[in-house]
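Asker: one predicted model, sequence on top.
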Amino acid sequence: MRGTFKNPDAGVKTGPLLARGAAAVALGAVVGPAAALLALISPSDNEDNQCSTVLQQMKQKK
């Protein structure tokens, strides 16, 4: 908002708005793929799972 009460001038400053939009897009491009990798992480709390058994069998056969 600029101007006087009699003649107000309303507008949008495009510079900061474009900068915030570009930052949001860049953050989405970086965080999106990294967040997709979180689905592949499976904490085991040092418990044996089926994969470790299969891997041990494969190593023994070599």
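Answerer: Received it, and whenever you're ready, just let me know what you need.

Asker: going forward, measure contacts and count neighbours with C-alpha atoms only.
Answerer: Fine.

Asker: report the mean confidence score over the longest helix anywhere in the chain.
Answerer: Longest helix in the chain by number of residues, with DSSP state H as the criterion: helix 14-37. Mean pLDDT, computed over helix 14-37, is 86.

Asker: so which residues make contact with that helix?
Answerer: The contact list for helix 14-37 (CA atoms under 8 Å, 6 or more residues apart in numbering) is empty.

Asker: and the next helix or strand past that helix?
Answerer: Using DSSP states H and E, the helix or strand that follows helix 14-37 in sequence is helix 50-61.

Asker: chain center to that next one: distance?
Answerer: For helix 50-61, the separation from the chain centroid amounts to 34 Å (computed by CA atoms, centre = their mean, to the nearest Å).

Asker: same for it, what does it pack against?
Answerer: Here helix 50-61 touches no other helix or strand, going by 3 or more CA pairs under 8 Å, 6 or more residues apart in numbering; DSSP states H and E.

Asker: residues contacting Met1?
Answerer: 8-11.

Asker: and those residues, which two are the farthest apart?
Answerer: Pro8 and Gly11 (9.9 Å; CA to CA).

Asker: roughly how far apart are the residue nearest in space to the middle of the chain and Lys13?
Answerer: When the chain is reduced to its mean C-alpha position, the closest residue under CA atoms, centre = their mean turns out to be Val31, at 2.1 Å. From Val31 across to Lys13, the span is 28 Å (CA to CA, to the nearest Å).
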